[in-house]
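Asks: Just a sequence and a predicted model for now, questions to come.
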Amino acid sequence: MLHTAGEEDGVEHTNMAEYLSPGVYVEEYDSGATPMQGVSTSTAGFLGLAERGPAIGQPQLVTNFADYKRMFGGYLSEAAYGSARFLPYAIEQFFANGGSRAYIMRAVPGDAKAASLTTGVLRITAANPGAWAENMRVSVSSASKAKTQVLAVSGADLTLKNADGFSAGDVVELFDGKAIAHATVKNVLDRVVTLDAPCALDVADSKVGTAKYIKTCEITITARLDDSVETFENLSLKPDALNNVCVRTRKSDLICVEVLEGKASAREKAKDKDGKELPTSASPAAIVPFELCGGGDAELVLTLVGGANGSVLTVTADAYTGKDDGPGRRTGLQAFRENGNVSIMAIPGVTAPEVQAALIGFCEEKKSCFALLDVPMDIKKTNDVANFRDMYDSTYAAMYHPWLEMMDAGAKRSAYFPPSGAIAGVYARVDTERGVHKAPANEVVRGCTGLSCTYNEGEQDILNPIGVNLIRAFTGRGIRVWGARTISSNGLWKYLNVRRLFIFVEESIKANTNWVVFEPNSATLWSRVTRTIETFLATCWRDGALAGSSPSEAFFVECGPTTMTQDDIDNGRLICKIGIAPVKPAEFVIFRITQKTASASE
């Protein structure tokens with residue numbers, strides 16, 4: 001047996017495989033540290049009102065503002081949405097300030113309604129609530145997935161030139177050059193198609209280029225909204241068909257289709273080119289799907305009605321906090337329980353205490369997210385800002401003020417916006433360029449041309465110690481983030497980069513040590529775990545995330561008899577103790593200057 005190097009633990013590794021035949025056996029085993037990759041800390045999660053988009057299920061990933069507009073619509077007007085209109089602007093500012101990935105969850109008021117329309121047996125409903133669907137056009141047209149000529153007819157059995165595309169249950173159209181009839185396919189065997197009744201038309205013709213034919217009858221549905229077009233071709237109304245209309249349109253971003261029972265009209269009879277009825281077999285012809293949908297000679301062009309945005313001007317807190325109705329049915333903030341990628345959370349412009357408290361509680365419970373809080377724009381006095389901040393105490397949240405003056409692309413004028421969207425972009429930019437250990441402060445806020453109010457140093461002397469991070473304008477240096485504190489009363493966690501560094505280390509270890517589960521809980525495993533984590537932390541130290549002049553000063557990792565008892569081992573527990581020395585930001589830079597006098601000898 002061949003062994004690779006790296007048996008620092010001094011334990012011989014053996015394999016329990018059987019060796020029955022003489023020969024040479026080469027085997028591999030893992031003995032060294034397992035490589036660990038740091039998790040992302042720059043992915044943001046946003047929650048708020050939007051023009052359209054999914055309101056139930058998992059948050060949707062967008063990688064630029066164009067993605068957001070395609071999925072959730074454009075800017076929201078102040079007249080229609082009031083103070084709840086800031087989500088699209090926050091997303092735009094997030095990407096403008098360096099963000100690259102964001103998960104969006106749309107909140108909707110409880111009285112919002114989805115537009116719908118019934119045509120024949122089809123009920124078409126907008127994919128999600130809102131008045132946006134009244135700008136959408138849905139067209140329904142006749143279609144066919146297969147067409148060929150009939151070579152021979154024997155009662156209800158038709159021998160086709162090519163039976164590909166024909167299946168049991170299909171509605172087919174028969175044409176003998178003069179008259180048209182419809183029937184239903186009962187069975188398909190090789191090239192023989194059996195109808196539900198004997199064929200009364202002379203459709204058999206083996207000549208090339210004949211006008212006689214048999215073809216299937218389906219429908220095509222197209223939904224158009226602005227630049228978004230969804231087309232679903234050759235759909236069947238049969239419940240068990242592979243191309244069933246409900247199944248094929250299930251993943252549509254615009255519409256939801258339902259087939260209603262008992263809406264079909266009486267079966268029509270065969271007609272000639274002039275529309276006159278022709279005698280057929282005793283069994284009436286099947287109704288074509290397009291006619292069941294209310295179609296005639298031309299395609300149907302439909303506009304959905306009845307959609308409503310709900311009470312967006314007076315939206316209540318429960319629209320944001322959401323409901324936990326189980327996997328795939330969660331709404332609002334609860335939907336982010338299904339997402340493990342988000343590390344920065346914000347509800348832009350929503351300053352209701354119950355909503356912000358729910359966001360803080362969510363981040364504290366999950367322990368992998370950090371919340372960004374806005375202060376109401378009309379709160380400007382230092383005492384009022386301090387009183388608002390005093391409602392919370394958490395190491396998993398930071399508060400920013402004042403609001404930012406930026407271009408309102410929707411109204412074509414300047415307006416004030418909550419800072420959380422832009423600040424999330426600053427977080428992502430600093431994480432990418434410097435690392436999560438760098439405090440996201442003394443950074444320019446891109447796109448910002450002014451502030452809703454200006455604070456001086458004396459006022460910041462009051463707000464900074466209590467954890468309100470101010471955004472200030474400096475002559476010749478632009479508008480910058482000038483604070484990096486959490487809203488915690490615990491001095492160990494007063495700097496937000498320390499909390500976010502711990503989130504990074506904890507989540508990285510959690511994501512990269514799943515291989516340990518169910519391994520033999522022995523000294524060999526303890527040694528591998530120790531080496532794996534030490535290697536990862538050494539990399540963090542070299543990147544400047546940990547303090548100390550050497551790895552031993554920056555961190556320690558213990559795993560073995562000193563961290564667990566025999567009772568722990570008997571109960572399947574492996575306990576590893578880790579200590580790290582995070583770097584702290586140079587918040588107060590002090591230069592002490594004295595007067596240097598000339599000596600007497602000079």
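Replies: Okay, I see it.

Asks: what residues go with each domain of the chain?
Replies: 44-110+313-498, 117-302 (automatic domain parsing).

Asks: Cross-check the contact I'm expecting between Ser144 and Tyr213.
Replies: No. Ser144 lies out of contact with Tyr213 (C-beta atoms under 8 Å); the separation is 9.8 Å. In this view, the C-beta of every residue, glycine as well, is placed from N, C-alpha and C.

Asks: Pretty sure Asn234 sits in a helix.
Replies: No. The assignment for Asn234 (DSSP: H, G, I helix; E, B strand; the rest coil) gives strand, which keeps it out of a helix.

Asks: distance of the nearest residue to it once chain neighbours are set aside from Ser206?
Replies: Distances taken as C-beta to C-beta, 6 or more residues apart in numbering put Lys145 closest to Asn234, at 3.9 Å, once the chain neighbours are dropped. According to C-beta to C-beta, to the nearest Å, Lys145 stands 23 Å off from Ser206.

Asks: coming back round to it: how near is the residue nearest to Asn234 to Gly361?
Replies: From Lys145 over to Gly361 (counting by C-beta to C-beta), the distance is 53 Å.

Asks: which of these two has more neighbours?
Replies: Neighbours were counted for Lys145 and for Gly361 using other C-beta atoms under 10 Å; Lys145 has more, 19 against 16.

Asks: how near is the more buried one to Gly23?
Replies: Per C-beta to C-beta, Lys145 is found 59 Å from Gly23.

Asks: now swap in Leu470 and tell me
Replies: For Leu470, the distance to Gly23 equals 74 Å [C-beta to C-beta].

Asks: The two: which is more packed in?
Replies: Under the criterion of other C-beta under 10 Å, the comparison of Leu470 against Gly23 puts Leu470 first, with 22 against 6.

Asks: Ser252 touches Leu235, doesn't it?
Replies: No. Between Ser252 and Leu235 there is no contact under C-beta under 8 Å: 11.7 Å.

Asks: C-alpha coordinates for the longest strand along the chain, PDB please?
Replies: Counting residues, the longest strand in the chain under DSSP state E turns out to be strand 179-189. Extracted C-alpha coordinates of strand 179-189, given in PDB (Å, rounded to 0.1, in the frame of the first residue of the first chain):
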ATOM      1  CA  ALA A 179     -64.900  19.900 -46.400                       C
ATOM      2  CA  ILE A 180     -63.400  20.100 -42.900                       C
ATOM      3  CA  ALA A 181     -64.200  17.800 -40.000                       C
ATOM      4  CA  HIS A 182     -62.800  17.300 -36.500                       C
ATOM      5  CA  ALA A 183     -62.300  14.200 -34.400                       C
ATOM      6  CA  THR A 184     -60.400  12.900 -31.400                       C
ATOM      7  CA  VAL A 185     -57.500  10.500 -31.600                       C
ATOM      8  CA  LYS A 186     -58.100   7.300 -29.500                       C
ATOM      9  CA  ASN A 187     -54.900   5.500 -30.200                       C
ATOM     10  CA  VAL A 188     -51.700   5.700 -32.200                       C
ATOM     11  CA  LEU A 189     -49.800   2.600 -33.200                       C
END
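
Asks: any idea of the mean pLDDT in it?
Replies: For strand 179-189, mean pLDDT rounds to 90.

Asks: Run the chain-centre distance for it.
Replies: The chain centroid and the centroid of strand 179-189 are separated by 45 Å under C-alpha atoms, centre = their mean, to the nearest Å.

Asks: any idea which helix or strand comes after it?
Replies: Following strand 179-189 in sequence order, the next helix or strand is strand 192-195 (DSSP states H and E).

Asks: list the helices and strands the next helix-or-strand element following that following strand packs on?
Replies: Counting by DSSP H and E, the next helix or strand C-terminal to strand 192-195 is strand 213-216. The helices and strands touching strand 213-216, judged by 3 or more C-beta pairs under 8 Å, 6 or more residues apart in numbering; DSSP states H and E, are strand 147-148, strand 171-175.

Asks: And the strands in the stretch 1-150 of the chain?
Replies: All strands of the stretch 1-150 of the chain, identified by DSSP state E, counting those that start in this stretch, fall at 44-48, 60-62, 102-106, 116-119, 122-126, 137-143, 147-148, 150-154.

Asks: Of all the ones you listed, which one comes closest to Ala424?
Replies: Closest to Ala424 of these is strand 44-48 (C-beta to C-beta; 4.5 Å).

Asks: Would you list the strands that that closest one pairs with, along with their directions?
Replies: Using DSSP bridges, the strands paired with strand 44-48 are strand 102-106 (parallel), strand 344-346 (parallel).

Asks: Show residues contacting the last one.
Replies: Spelled out, that is strand 344-346. 41-47, 90, 336, 359, 362-363, 369-372, 420-421, 423-424, 427-428 (C-beta atoms under 8 Å, 6 or more residues apart in numbering).

Asks: Tell me which other helices or strands the longest helix along the chain touches.
Replies: As assigned by DSSP state H, the longest helix anywhere in the chain is helix 523-542. Packing partners of helix 523-542 (3+ C-beta pairs under 8 Å, 6+ apart): helix 496-512, helix 551-554, strand 555-559, strand 576-580.

Asks: Run a quick check on Gln60 versus Leu47, I expect a contact.
Replies: No. The pair Gln60 / Leu47 is not scored as a contact, 11.7 Å apart, by C-beta under 8 Å.

Asks: These two: who's more crowded?
Replies: Per other C-beta under 10 Å, whichever of Gln60 and Leu47 has more neighbours is Leu47, with 27 against 18.

Asks: For the more buried one, give me the pLDDT.
Replies: So Leu47 comes in at 97 (pLDDT).

Asks: Surely it is in contact with Tyr320?
Replies: Yes. Counting by C-beta under 8 Å, Leu47 touches Tyr320, with 6.2 Å between them.

Asks: anything in contact with each of these two?
Replies: Both Leu47 and Tyr320 are in contact with 107, 332-333, 347, where contact means C-beta under 8 Å, 6+ apart.

Asks: which residues touch the longest helix of the chain?
Replies: Residues outside helix 523-542 that contact it (C-beta under 8 Å, 6+ apart): 8-9, 11, 13, 30-36, 38, 437, 505, 508-509, 512-513, 516, 519, 546, 548, 551, 554-555, 557-560, 574, 576, 578, 580.

Asks: how about 6 Å then?
Replies: Here helix 523-542 makes contact (C-beta atoms under 6 Å, 6 or more residues apart in numbering) with 9, 11, 33-34, 36, 519, 546, 551, 554-555, 557, 559-560, 576.

Asks: How is Gly425 assigned, secondary-structure-wise?
Replies: helix.

Asks: What's the local residue count around it?
Replies: 30.

Asks: Tell me how many other residues surround the residue nearest to it when sequence neighbours are not counted.
Replies: Nearest residue to Gly425, sequence neighbours excluded (C-beta to C-beta, 6+ apart): Asn97, at 2.8 Å. Around Asn97 there are 22 other residues, counting by other C-beta under 10 Å.

Asks: cool, the one 5 residues further on as well?
Replies: Residues contacting Ala102 under the criterion other C-beta under 10 Å number 30.

Asks: Same question for Asp190.
Replies: Per other C-beta under 10 Å, the neighbour tally for Asp190 reads 8.

Asks: Likewise for the one 3 residues further on?
Replies: Summarising burial for Val193: neighbours were counted as other C-beta under 10 Å, giving 26.

Asks: so it touches Leu158, yeah?
Replies: Yes. The criterion here is C-beta atoms under 6 Å, and Val193 meets it with Leu158 at 4.9 Å.

Asks: Any idea which helix or strand in this protein has the lowest mean pLDDT?
Replies: Across the helices and strands of the chain, mean pLDDT, DSSP states H and E gives its lowest value to strand 271-272, namely a mean of 42.
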